[in-house]
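Visitor: Can you look at this prediction? I've put the sequence above it.
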Amino acid sequence: MSFFKKIFSSEKKETLDKGLEKSKTSFFTKLNKAVAGKSKVDDDVLDNLEEVLVTSDVGVDTTLKIIERIEERVARDKYLGTSELNQILREEIAGLLSETNSGEEREISIPIDVKPYVIMVVGVNGVGKTTTIGKLANQFKNRGLNVVLGAADTFRAAAIDQLQVWADRVSVPIVKQKMGSDPASVAFDTLQSAVTQNADVVIIDTAGRLHNKVNLMNELTKVKRVMQKVVPDAPHEVLLVLDGSTGQNAFEQAKQFTAATEVNALAVTKLDGTAKGGVVIGISDQFQIPVKYIGVGEGIEDLQVFNKYEFVDSFFKA
């Protein structure tokens with residue numbers, strides 16, 4: 001395979017390498033123990049590798065797929081040395097990610113014939129949702145697009161204030177009401193304002209409560225229904241933000257939100273400073289929803305468009 005015969009953009013790749021450093025170090029420490037004293041990939045090595053992948057937050061189902069792929073290669077090639085295992089893992093995981101994330105990069109594409117293009121952002125409190133919105137707004141603005149933010153997370157004053165800070169920082173307009181207002185009303189006003197301003201992109205923040213899935217579903221459905229009174233096919237994108245540092249908890253959040261609303265894009269944040277970066281692989285595979293962005297740092301430029309080749313190269317870089 002020629003997955004890794006590529007030249008990556010140096011500055012972005014360096015940031016990604018640094019952001020995944022803890023995940024990579026943790027993984028290789030476990031992997032080296034798993035193959036210690038072994039020269040050939042045999043059943044013992046595969047059993048140990050399975051444990052390494054699961055404890056690296058890749059997830060059980062995805063781990064079993066990876067092991068199955070490697071077993072097929074072992075059977076086909078007859079002899080595979082443990083020295084080749086790293087490259088095999090890179091190739092097989094990149095292949096697995098290709099089935100969901102086709103193409104090298106899958107950022108949110110804004111069609112020129114859809115105006116405004118409405119992105120509804122969902123996720124539990126504390127995952128970096130508002131920060132992701134601010135960084136996305138900055139990316140869109142740098143592409144020459146007119147952006148409007150909607151503060152429809154009205155259950156926390158801090159959420160409205162935080163989004164205002166980002167709107168000021170990026171210099172884009174924001175539509176907001178007082179805390180406790182109807183989120184659907186804020187979304188409606190935001191879209192009306194965006195239409196009046198001839199905006200290209202609208203990003204709507206939503207409440208991050210998960211204590212009652214029925215309420216969450218009803219609330220998000222209402223927000224969508226009300227938006228469609230202004231823009232009939234809104235939202236065009238439902239972006240779920242997940243905190244990568246929570247590992248398996250991120251899987252549970254993804255289950256809840258994908259059941260509650262029609263999520264069609266993922267952003268995985270806080271991958272820097274955690275050893276749980278393998279969660280990106282499992283979430284991408286299990287939910288068959290493309291990961292479009294990953295957060296690998298605090299800086300405004302550190303929300304990166306997800307590139308599966310770059311990610312796997314950084315994760316398995318010896």
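Guide: That came through fine.
Visitor: use CA for all of it now, contacts and neighbours both
Guide: Noted.
Visitor: I'd say Phe140 and Gly134 touch.
Guide: No. Taking contacts as CA atoms under 8 Å, Phe140 lies outside contact range of Gly134: 10.0 Å.
Visitor: Which one's more surrounded, these two?
Guide: Gly134 (24 against 17; other CA atoms under 10 Å).
Visitor: What separation do you get for Lys135 and Lys317?
Guide: Distance, Lys135 to Lys317, by CA to CA, to the nearest Å: 27 Å.
Visitor: So these two - more neighbours on which side?
Guide: Lys135 (22 against 16).
Visitor: mind checking which helix or strand that one is in?
Guide: Assessed by DSSP states H and E, Lys135 sits inside helix 129-142.
Visitor: just Leu242 next, same as before
Guide: Leu242 belongs to strand 237-243, assigned by DSSP H and E.
Visitor: Report the angle between that strand and helix 129-142.
Guide: 130 degrees (axes from the mean of the first three to the mean of the last three CA atoms, to 10 degrees).
Visitor: one step back: now the helix holding Lys135: buried residues?
Guide: Applying a neighbour-count criterion of 16 or more other CA atoms under 10 Å, one finds 129-141 buried in helix 129-142.
Visitor: quick revisit: mind checking the pLDDT average for whichever helix or strand comes after the strand holding Leu242?
Guide: Remark: after strand 237-243, the chain's next helix or strand is helix 248-260, criterion DSSP H and E. In this model, helix 248-260 has a mean pLDDT of 85.
Visitor: same check, this time on stretch 32-47
Guide: 87.
Visitor: Not counting the strand holding Leu242 itself, show me its contacts.
Guide: 118-124, 126-129, 132, 250, 253-254, 257, 262-271 (CA atoms under 8 Å, 6 or more residues apart in numbering).
Visitor: Let me see the contact set for the closest residue to Thr15 other than its chain neighbours.
Guide: Counting by CA to CA, 6 or more residues apart in numbering, Thr15 lies nearest to Val296, which is 7.1 Å off, once chain neighbours are set aside. The contact partners of Val296, by CA under 8 Å, 6+ apart, come to 15-16, 19-20, 269-272, 302-304.
Visitor: And the most centrally placed residue in the chain, its phi and psi?
Guide: Ranked by distance to the mean C-alpha position of the chain (CA atoms, centre = their mean), the top residue is Ala267 at 2.2 Å. Backbone dihedrals for Ala267, given as degrees, to the nearest 10, come out at phi -130, psi 130.
Visitor: Where does pLDDT dip in the stretch 1-150 of the chain?
Guide: For the stretch 1-150 of the chain, the stretches flagged by pLDDT under 70 are 1-9, 100-106.
Visitor: can you pull out the strands in it?
Guide: Ranges of strands within the stretch 1-150 of the chain are 117-122, 147-152, based on DSSP state E, counting those that start in this stretch.
Visitor: What lies in contact with the longest helix seen in the chain?
Guide: The residue-count maximum for a helix in the chain (DSSP state H) belongs to helix 60-77. For helix 60-77, the external contacting residues (CA under 8 Å, 6+ apart) are 41, 46, 49-50, 53-54, 80, 88-89, 92-93, 96, 281-282, 285-286.
Visitor: Report the distance from it to the chain centre.
Guide: Relative to its chain's centre, helix 60-77 lies at 25 Å (CA atoms, centre = their mean, to the nearest Å).
Visitor: Adding mean neighbour count and distance to Leu64 as columns, could you present the strands of the stretch 1-150 of the chain in JSON lines?
Guide: Listed next are the strands of the stretch 1-150 of the chain as JSON lines, based on neighbours: other CA atoms under 10 Å; distance: least, CA to CA, whole Å:
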{"stretch": "strand 117-122", "mean neighbour count": "24", "distance to Leu64": "30"}
{"stretch": "strand 147-152", "mean neighbour count": "28", "distance to Leu64": "40"}
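Visitor: Which of those sits closest to Asn32?
Guide: Closest of those to Asn32 is strand 117-122, at 38.6 Å (criterion: CA to CA).
Visitor: mind checking how far that closest one is from the chain centre?
Guide: Put simply, strand 117-122 sits 14 Å off its chain's centre (CA atoms, centre = their mean).
Visitor: Pull out the CA atoms of it and give them to me as CSV.
Guide: C-alpha atoms of strand 117-122 as CSV (Å, rounded to 0.1, in the frame of the first residue of the first chain):
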residue,chain,number,x,y,z
TYR,A,117,-25.5,27.4,5.2
VAL,A,118,-26.6,26.4,8.6
ILE,A,119,-24.5,24.4,11.0
MET,A,120,-26.0,23.2,14.3
VAL,A,121,-23.4,22.2,16.9
VAL,A,122,-24.3,19.7,19.6
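Visitor: Return the list of strands paired to it, each annotated with direction.
Guide: Counting by DSSP bridges, the strands paired with strand 117-122 are strand 201-206 (parallel), strand 237-243 (parallel).
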